[in-house]
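Participant: Fold the following.
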Amino acid sequence: MKSYQFTFEQLLPIPIAEAWDFFSSPINLAKITPNEMAFTVTSDKDQLKTMYPGMIITYQVSPILNIKLNWMTEITYVSEGKYFIDEQRFGPYQFWHHQHHFKAVSGGTAMNDILTYGLPFGPLGQLANSIFVANKVEEIFEFRRRKVIELFGDYTTASET
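Facilitator: Next comes the predicted model:
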């Protein structure tokens, strides 16, 4: 299986505790996912209040042609206020490992995502990645970057004041 990796970094003009509270809540994921993906958390939301290792989260997502896919991830590691990792247990990828790192910086928080994934179907999966999947992943994280600025402000602007 061929794997692919993306790293995304964003500086947030908010304290690390506020960043952690927002991004460690699975319920907020829908707020930073493009609407056309019809991303819905299907887990019991009462069970998602505090993130912990072993937490299972289920979703429905429509990444292409409005086809609804079920997706299940597990939170495998949590270091409060520093990082958490989610891994796919069932879903569209053969392999999905997503690290979310947070670090206090002057004037806010540096947020780093490291996403590693693999696709099923061998050469067909590689072709799908080069034609569609990699671009879609980049689009989703670009949407997230813009949405986070909309929600919390622009670090560059905030750090200049």
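
Participant: hang on, Ile14 is in a helix, isn't it?
Facilitator: No. Read with DSSP: H, G, I helix; E, B strand; the rest coil, Ile14 is coil and lies in no helix.

Participant: Count the neighbours of the residue nearest to it when sequence neighbours are not counted for me.
Facilitator: The spatial neighbour of Ile14 that comes closest, neighbours along the chain excluded (CB to CB, 6 or more residues apart in numbering), is Phe152 at 5.1 Å. Heads up, the C-betas are built off the backbone N, CA and C, glycines and all. As a burial measure, Phe152 scores 18 neighbours (other CB atoms under 10 Å).

Participant: Helix or strand: which one has Tyr52?
Facilitator: Using DSSP states H and E, Tyr52 is not contained in any helix or strand.

Participant: Quick check: closest non-adjacent residue to it.
Facilitator: Val78 (6.2 Å).

Participant: contact partners of the strand or helix carrying the one you found?
Facilitator: Element membership of Val78 [criterion: DSSP H and E] is strand 69-79. Residues outside strand 69-79 that contact it (CB atoms under 8 Å, 6 or more residues apart in numbering): 24, 42, 51-63, 83-92, 96, 98.

Participant: now with 7 Å?
Facilitator: Applying CB atoms under 7 Å, 6 or more residues apart in numbering, the contact partners of strand 69-79 are 51-61, 63, 84-92.

Participant: Put the buried members of those residues into a PyMOL selection.
Facilitator: Of the contacts of strand 69-79, the buried ones go into a single PyMOL selection, burial set by 16 or more other CB atoms under 10 Å:
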select buried, resi 51+55+57+58+59+61+63+84+85+86+87+88+92
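
Participant: what's the longest helix in this structure?
Facilitator: Ranked by residue count under DSSP state H, the longest helix found in the chain is helix 134-152.

Participant: What lies in contact with that helix?
Facilitator: Applying CB under 7 Å, 6+ apart, the contact partners of helix 134-152 are Tyr4, Phe6, Phe8, Gln10, Leu12, Pro13, Ile14, Ile32, Thr33, Pro34, Pro63, Leu115.

Participant: Look up the residues forming beta bridges with the first one.
Facilitator: Listed by DSSP bridges, the beta-bridge partners for Tyr4 are Tyr117.

Participant: shouldn't it be in contact with Tyr117?
Facilitator: Yes. With contact defined as CB atoms under 7 Å, Tyr4 reaches Tyr117; the gap is 5.8 Å.
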